[in-house]
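pasting a predicted model and its sequence here:
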Amino acid sequence: GAQAILGDVEELRKEGWSVSISDKYVLLSSYPPFNKFHLPEVIHSPTDPKAFLVTTYTQHSWNLLDRLDVGQWPTSASEIAVKMMARQCVLVRGANRSRSA
């Protein structure tokens, strides 16, 4: 997916890293204390020093007519908002690269 391309995951895998990517569908427009504020995150494996998980978050924007869903209008998202992690963040936070490298 897009996070694999943006994070240069193919190159990391060639270097022996095990990188998993997970996407969750959430309400991205929420702010604490009303809802959780979602930011992409890196979770390192407790057993493998060269393995980590990147979690991204996605929200679809639907047309108001989609709520009626009586078959008269297409039911597809008009926009997809995604919070992903930049390449530098994947390399620094995930693969432990220095900020200057």
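Received, thanks. Residues are numbered from 1 along each chain as shown.

residue at max distance from the center of the chain?
Centroid-distance maximum for the chain: Q72 at 33.0 Å, with C-alpha atoms, centre = their mean.

and the contacts of the least confident helix or strand in the chain by mean pLDDT?
For the chain, using mean pLDDT, DSSP states H and E, the weakest element among its helices and strands is strand 79-83, scoring a mean of 84. Here strand 79-83 makes contact (C-beta atoms under 8 Å, 6 or more residues apart in numbering) with 2, 23, 28, 38-40, 56-61. C-betas here are computed from N, CA, C, even on glycine.

can you lay out those as a markdown table showing pLDDT and distance to V9?
Shown next, in a markdown table, are these (pLDDT from 0 to 100; distance: C-beta to C-beta, whole Å):
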| residue | pLDDT | distance to V9 |
| --- | --- | --- |
| A2 | 90 | 11 |
| D23 | 92 | 14 |
| L28 | 72 | 23 |
| H38 | 79 | 21 |
| L39 | 83 | 19 |
| P40 | 88 | 13 |
| T56 | 92 | 12 |
| Y57 | 89 | 18 |
| T58 | 88 | 18 |
| Q59 | 85 | 23 |
| H60 | 80 | 24 |
| S61 | 78 | 27 |
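
a markdown table for those residues, including secondary structure?
Converted to a markdown table, the contacts of strand 79-83 look like this (DSSP: H, G, I helix; E, B strand; the rest coil):
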| residue | secondary structure |
| --- | --- |
| A2 | helix |
| D23 | strand |
| L28 | coil |
| H38 | coil |
| L39 | coil |
| P40 | coil |
| T56 | strand |
| Y57 | strand |
| T58 | strand |
| Q59 | strand |
| H60 | strand |
| S61 | strand |
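
going through those, which ones are buried?
Neighbour-count burial (16 or more other C-beta atoms under 10 Å) applied to the contacts of strand 79-83 gives 23, 28, 38, 40, 56-59.

partner strands of the least confident helix or strand of the chain, with direction?
Next to strand 79-83 in the sheet, as set by DSSP bridges, lie strand 51-61 (antiparallel).

quick one: which of the contacts of strand 79-83 is nearest K14?
Checking those against K14 by C-beta to C-beta gives A2 as the nearest, at 19.5 Å.
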